[in-house]
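**Q** for reference, the sequence and a predicted model appear below.
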Amino acid sequence: MSPDELHVPEDAAGERLDAWLARALGETSRTHVAGLIDAGAVQVDGVARPKGHRLRGGERVHVAERERPADERPAPGPPAPIVAWENDDLLVIDKPAGLVVHPAPGHRGTTLVELLAREAGSGWKALAVHRLDRDTSGLMLVAKSEEIRSELQALIRKRDLVREYLALAEGRLGSRTGTIEAPLGRAAHDRTRMAVGGERPREARTHFEVERFLADFTLVRVRLETGRTHQIRAHFAAIGHPLAGDRAYGGTRALGLERQFLHSARIAVAYSGQPEGLEATSPLSPDLAEALSRARE
């Protein structure tokens, strides 16, 4: 146990002990603080008080910290990203599922860009060239300068940067190869989703090739020509074959999946810093590999 002593400000007069202490200790929940008080690890001016004790202001609160029970500890965050390829101006990151790329309203927790910024220090900036959804795993590009990011984004617009994904679609696709060409915009009744012909639609093209037909699913290799939000997920849902596990787009919770079966498997590009070209590949993450094994049964 490590002791800690806190001073109750005058403007806290009338507050409950557990509520004030949780805020003072930076707790997001009163559960841990309530446990400390119930265990007698909290004293107000030298006297143990109950959770509902009303503070007067000006007291000294002594806290003898204890180890959190396992069920009270914060859930572990997603695994750290892996650097799949790097040179002086570019990183190819293998992003785990569950890791958000950029800070966003409503998101709590460290993002990929923030993690990389810590590694970079003052030496370079971590600038995502494109994004992956939080629960999509695999390869993405991170530039170390605005100049390189602008160059790579221009290559994306010119269709000179290859981005291939592996996806498991529900049902049996009607053809072995094809292109889904349908504009995407925000869904009118759910701003978190994209829909064909939604608000302010933008052109979107997704090319696919069947890797393997399975009993109730189709494993496909997908290449993006455009890069709209949720493009692959929305396009396959639009043709009646949502991705396995993608409940947001009509997929079923199948094969033990806790997320959509979508993995950024290959990136290839030639640019000024690597004129001979670079290519990086990523194997399926363990949860997707296990789901694919179940789909074959």
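**A** Thanks, I have the structure now. Residues are numbered from 1 along each chain as shown.
**Q** in which helix or strand does the closest residue to Arg176 other than its chain neighbours reside?
**A** Spatial nearest neighbour of Arg176, excluding adjacent residues (C-beta to C-beta, 6 or more residues apart in numbering): Val210 at 4.5 Å. (Glycine included, C-beta is placed from N, CA and C.) Element membership for Val210 (DSSP states H and E) is strand 205-213.
**Q** beta partners of the residue nearest to Arg176?
**A** Val210 forms beta bridges with Val220, as assigned by DSSP bridges.
**Q** check contacts around Lys144.
**A** Counting by C-beta atoms under 8 Å, 6 or more residues apart in numbering, Lys144 touches 88-91, 120, 124-127.
**Q** residue boundaries of the helices in the chain?
**A** With DSSP state H as the criterion, the chain has helices at 17-24, 31-38, 112-120, 146-157, 231-238, 286-296.
**Q** what is the last one packed up against?
**A** With contacts defined as 3 or more C-beta pairs under 8 Å, 6 or more residues apart in numbering; DSSP states H and E, the packing partners of helix 286-296 are strand 162-170, strand 217-224.
**Q** now do the last one against helix 146-157, angle only.
**A** Spelled out, it's strand 217-224. Per axes from the mean of the first three to the mean of the last three C-alpha atoms, to 10 degrees, the angle that strand 217-224 makes with helix 146-157 is 120 degrees.
**Q** distance between strand 217-224 and the chain's centre?
**A** 21 Å (C-alpha atoms, centre = their mean, to the nearest Å).
**Q** and what of stretch 289-297?
**A** When C-alpha coordinates are averaged (C-alpha atoms, centre = their mean), stretch 289-297 and its chain have centres 23 Å apart.
**Q** next one: stretch 274-286
**A** With C-alpha atoms, centre = their mean as the basis, stretch 274-286 stands 21 Å off its chain's centre.
**Q** who touches it?
**A** 84-85, 87, 90, 92, 94, 96-97, 137-139, 166, 263-270, 289, 292.
**Q** only alpha carbons, please: show it as CSV.
**A** Provided in CSV are the C-alpha atoms of stretch 274-286 (Å, rounded to 0.1, in the frame of the first residue of the first chain):
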residue,chain,number,x,y,z
GLN,A,274,11.3,4.4,-53.1
PRO,A,275,11.2,4.6,-56.9
GLU,A,276,11.8,0.9,-57.3
GLY,A,277,8.6,0.3,-55.4
LEU,A,278,7.7,-1.2,-52.0
GLU,A,279,5.4,-4.1,-51.2
ALA,A,280,4.2,-5.3,-47.8
THR,A,281,1.9,-8.1,-46.9
SER,A,282,0.1,-9.1,-43.7
PRO,A,283,-1.3,-12.6,-42.7
LEU,A,284,-4.7,-12.8,-41.3
SER,A,285,-4.9,-12.0,-37.6
PRO,A,286,-5.5,-15.0,-35.3
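**Q** show me what counts as buried in it.
**A** By neighbour count with 16 or more other C-beta atoms under 10 Å, stretch 274-286 contains the buried residues 278, 280, 282, 284-285.
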